[in-house]
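>>> Structure here, sequence nowhere to be found:
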């Protein structure tokens, strides 16, 4: 439960009344729920909390439907599903969510793996669909060893990438990016990493940049991009500051920037969830997980994420702790 905006210590475990599904909702007995980066931003106050506090926290859950509300097909009872986009309430043993958000989990995929892959993988697939890669494009993927970047790297070749340039902040994550399919890896913790892109490219240029770091490096990335056809897909700011790119910067270089955020973007991401779960079930992508923890350890997971110590997704389960 989130008791107030602030540090990880504001997350506590409490007993609350069992929820009942309203019309159009399903009740899910949770088996796993991921801890998302955006949740650390909501908890700290960077983004507004969707409801009053204190409140049960968490935005996604995977588990078994145990009850349905009025107007919902009763055949869903007993189905393993992922529910997402609730805004709050998922880090609990029982979760109510809109039935329309429930995505069945394929046979052979555990709830932990489903919770691990569904958000990052869905964002990655939506980004690749938006990029419309041609088959020989040179692309840049930032933070490619984990999270969305890790799924982008796993999927990019099959979605039309030629050469994959990947950045990561540790030797371990750079090695992981290479195992995912990256051709060249760069340490993005070095202050001038983006300025050295032309050297790494050896005369080539970047056709598509998947921008998730933000800050001043994004402007230097533009200088390494292909004039007239180069496009930047902007979906995150791991540096803590927005990408330092203006319309004048794009105009002078003949480049385009697509902002991948907002309600319409999230609707596109939601459409890809079923496909991503199938890809994980058949082994086409590997879930990137750090640790499975209990609800009592939610604050620890938030702390690790904020310190940039996460090596993958933290997943909470009722059985741990």
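Arrived safely, thanks for sending. What you see is a predicted model; the values in this text were computed from it and never measured.
>>> Test my guess that residue 99 contacts residue 72.
Yes: counting by C-beta atoms under 8 Å, residue 99 does reach residue 72; the two are 4.5 Å apart. C-beta: built from backbone N, CA, C; applies to glycine.
>>> quick one: common contacting residues for these two?
Common neighbours of residue 99 and residue 72 are listed as 24-26 (criterion: C-beta atoms under 8 Å, 6 or more residues apart in numbering).
>>> if you count what's nearby, which of residue 99 and residue 72 comes out ahead?
residue 72 (22 against 19; other C-beta atoms under 10 Å).
>>> ok, the more buried one - contacts?
Contact analysis of residue 72 by C-beta under 8 Å, 6+ apart lists 21, 23-26, 99.
>>> Does the spatially most central residue of the chain belong to a helix, a strand or coil?
The centroid of the chain falls nearest to residue 120 when counting by C-alpha atoms, centre = their mean (3.1 Å). The three-state label given to residue 120 by DSSP: H, G, I helix; E, B strand; the rest coil is helix.
>>> Residue 38: neighbour count?
Residue 38 has 12 neighbouring residues, counting by other C-beta under 10 Å.
>>> That one and residue 48 touch, don't they?
No: applying C-beta under 8 Å as the test, residue 38 and residue 48 come out as separate, 11.9 Å apart.
>>> Which residue ranges of the protein form strands?
Taking DSSP state E as the criterion, the chain contains strands spanning 25-35, 60-68, 80-84, 94-98, 103-104, 137-141, 161-168, 184-187, 208-211, 231-234, 256-259, 289-294, 313-317.
>>> hmm, back to that, of the shared contacts of residue 99 and residue 72, just the buried ones, PyMOL syntax please.
The following PyMOL line selects those of those that are buried, judged by 16 or more other C-beta atoms under 10 Å:
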select buried, resi 25+26
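>>> Can you lay out the shared contacts of residue 99 and residue 72 as TSV showing pLDDT and distance to residue 270?
Converted to TSV, the shared contacts of residue 99 and residue 72 look like this (pLDDT from 0 to 100; distance: C-beta to C-beta, whole Å):
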residue	pLDDT	distance to residue 270
24	97	16
25	96	17
26	97	16
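>>> pLDDT weak spots in this protein?
Along the chain, segments meeting pLDDT under 70 span 85-87, 320-321.
>>> Try it again at 90.
Confidence mapping of the chain against pLDDT under 90 gives the ranges 38, 46-47, 49-51, 84-88, 191, 237-241, 307-310, 319-321.
>>> From residue 62, how far off is residue 28?
For residue 28, the distance to residue 62 (C-beta to C-beta, to the nearest Å) stands at 8 Å.
>>> tell me, what's touching the two both at once?
Residues touching both residue 28 and residue 62 by C-beta under 8 Å, 6+ apart: 81, 83.
>>> Show me how the record splits this protein into domains.
When the chain is parsed into structural domains using automatic domain parsing, the resulting residue ranges are 8-104+288-317, 119-264.
>>> related to what we said a few turns ago, so what's the residue nearest to the centre of the chain up against?
With contacts defined as C-beta under 8 Å, 6+ apart, the neighbours of residue 120 are 147-148, 150-151, 288, 313.
>>> switch the cut-off to 10 Å
With contacts defined as C-beta atoms under 10 Å, 6 or more residues apart in numbering, residue 120 is in contact with 34, 36-37, 146-152, 276, 285, 287-288, 312-313.
>>> Please, where are all the helices along the stretch 151-300 of the chain?
In order along the chain, the stretch 151-300 of the chain carries the following helices (DSSP state H, counting those that start in this stretch): 171-180, 197-201, 217-222, 247-253, 263-271, 273-281, 298-306.
>>> Adding mean neighbour count and distance to residue 132 as columns, could you present those in JSON lines?
Shown next, in JSON lines, are the helices of the stretch 151-300 of the chain (neighbours: other C-beta atoms under 10 Å; distance: least, C-beta to C-beta, whole Å):
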{"stretch": "helix 171-180", "mean neighbour count": "19", "distance to residue 132": "21"}
{"stretch": "helix 197-201", "mean neighbour count": "16", "distance to residue 132": "21"}
{"stretch": "helix 217-222", "mean neighbour count": "20", "distance to residue 132": "19"}
{"stretch": "helix 247-253", "mean neighbour count": "12", "distance to residue 132": "18"}
{"stretch": "helix 263-271", "mean neighbour count": "14", "distance to residue 132": "14"}
{"stretch": "helix 273-281", "mean neighbour count": "20", "distance to residue 132": "17"}
{"stretch": "helix 298-306", "mean neighbour count": "20", "distance to residue 132": "32"}
